[in-house]
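**Student:** the amino acid sequence is not available; the structure is as follows:
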């Protein structure tokens with residue numbers, strides 16, 4: 001059975017936050033009481049994360065539970081029809097690249113929110129203008 005798009009999205013967000021904190025899968029697994037292989041399965045959306053475990057992740061990673069669902073588009077679920085492409089998307093996602101994670105870490109090291117917003121504006125201005133994202 002293919003991974004559910006919600007599970008894939010939650011897994012991506014788990015990996016993103018863990019990586020942003022510079023935490024290994026092994027360390028997170030030990031914190032939560034599972035193996036690093038289980039963390040890998042959660043991050044790929046292969047295994048579903050239960051609500052109590054998601055709550056534990058949110059505490060360990062210092063984010064609200066809602067963080068894991070941010071940017072999820074419900075229509076994605078219907079459009080994909082639980083297609084196997086959801087797992088393939090995970091593996092090809094730019095959010096997973098070391099370059100992206102390095103950029104995010106550097107961005108959040110900028111303490112002045114005004115400067116951070118200007119940097120974001122600059123990056124957006126340098127990208128394609130036909131993008132759906134704002």
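**Tutor:** Happy to help now that I have it. Computed from a prediction, not measured in an experiment: that's the story for all the values here.

**Student:** going forward, measure contacts between C-alpha atoms and count neighbours the same way
**Tutor:** Fine.

**Student:** downstream of the worst-scoring helix or strand of the chain on mean pLDDT, the next helix or strand is which one?
**Tutor:** In the chain, the helix or strand scored least confidently by mean pLDDT, DSSP states H and E is helix 85-92, which has a mean of 48. Towards the C-terminus, the helix or strand next in line after helix 85-92, according to DSSP states H and E, is helix 98-109.

**Student:** any idea how far that following helix is from the chain center?
**Tutor:** In terms of C-alpha atoms, centre = their mean, to the nearest Å, the centre of helix 98-109 is set 13 Å apart from its chain centre.

**Student:** care to break this protein down by domain?
**Tutor:** Residue ranges of the domains in the chain are recorded as 5-95, 97-134, according to automatic domain parsing.

**Student:** would you mind putting these into TSV with mean neighbour count alongside?
**Tutor:** Conversion of the domains of the chain to TSV gives the following (neighbours: other C-alpha atoms under 10 Å):
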stretch	mean neighbour count
domain 5-95	16
domain 97-134	11
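
**Student:** helices and strands around the lengthiest helix in the chain, which ones?
**Tutor:** Ranked by number of residues, the top helix in the chain under DSSP state H is helix 5-20. Other elements packing on helix 5-20 under the criterion 3 or more C-alpha pairs under 8 Å, 6 or more residues apart in numbering; DSSP states H and E are helix 36-44, helix 74-80, helix 85-92, helix 98-109.
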